[in-house]
Every structure is written in C-alpha cells, then in structure tokens.
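[1] Sequence and predicted model, in that order:
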Amino acid sequence: KGPYAMWHHEHFIHEHKNGVVLEDRISYLMRFGALGSLAHSLLVRHQLDSIFSFRKKALTKRYETFNLDAV
C-alpha cells in the first residue's frame, strides 16, 4: 500500500498572461504514526520535492514555446 494512509492529487490549469499556469494540489497523510512522521522529515518530503521539481523542468522544457509555467 505504500507509505501513505491518504493521497489526493489534483491538477488545475489557469490562464495567465500569454500562457497558462499548471497547479498541483496534493494532500497526503503518512502511515505508521511517529515513524511515518520521521520518514516524512528525513525522506519523503525531499523525494516529493524532487519529483515535482523534475516534472516542472520537464514540462517547462517541453512547452516553453507555449509559455507554460509549471508550478
């Protein structure tokens, strides 16, 4: 089942100046109580930041001619 007791991920696309903004909204809860909180602090938060940073770079590179800002 993975480390998440709950995971909810939504995508929103908003018009912005000459392009669009892609917004991700993520809500999640870790499993395993205090151990899950520790894992979140040490690993999970960094991994999520890395995943979405990579995604932002990939989307920006792919759609830069369309003025897409990945958030």
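    Yep, that arrived.
[2] any low-confidence regions in the chain?
    In the predicted model of the chain, residues 65-71 satisfy pLDDT under 70.
[3] For it, just list every one of the strands.
    Taking DSSP state E to define them, one finds strands in the chain at 4-16, 19-30, 68-70.
[4] and the ones you listed as JSON lines, adding mean neighbour count and distance to Phe52?
    C-betas here are computed from N, CA, C, even on glycine. JSON lines is the format used below for these (neighbours: other C-beta atoms under 10 Å; distance: least, C-beta to C-beta, whole Å):
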{"stretch": "strand 4-16", "mean neighbour count": "10", "distance to Phe52": "10"}
{"stretch": "strand 19-30", "mean neighbour count": "14", "distance to Phe52": "7"}
{"stretch": "strand 68-70", "mean neighbour count": "17", "distance to Phe52": "9"}
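[5] how about those strands in TSV, adding distance to Gln47?
    Converted to TSV, those look like this (distance: least, C-beta to C-beta, whole Å):
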stretch	distance to Gln47
strand 4-16	12
strand 19-30	12
strand 68-70	18
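[6] between those strands, which gets nearest to Lys61?
    strand 68-70 (9.6 Å; C-beta to C-beta).
[7] quick one on the thing from earlier: which one, of the strands of the chain, ends up nearest to Ser37?
    Evaluated over the strands of the chain, closeness to Ser37 peaks at strand 19-30, with 6.3 Å, by C-beta to C-beta.
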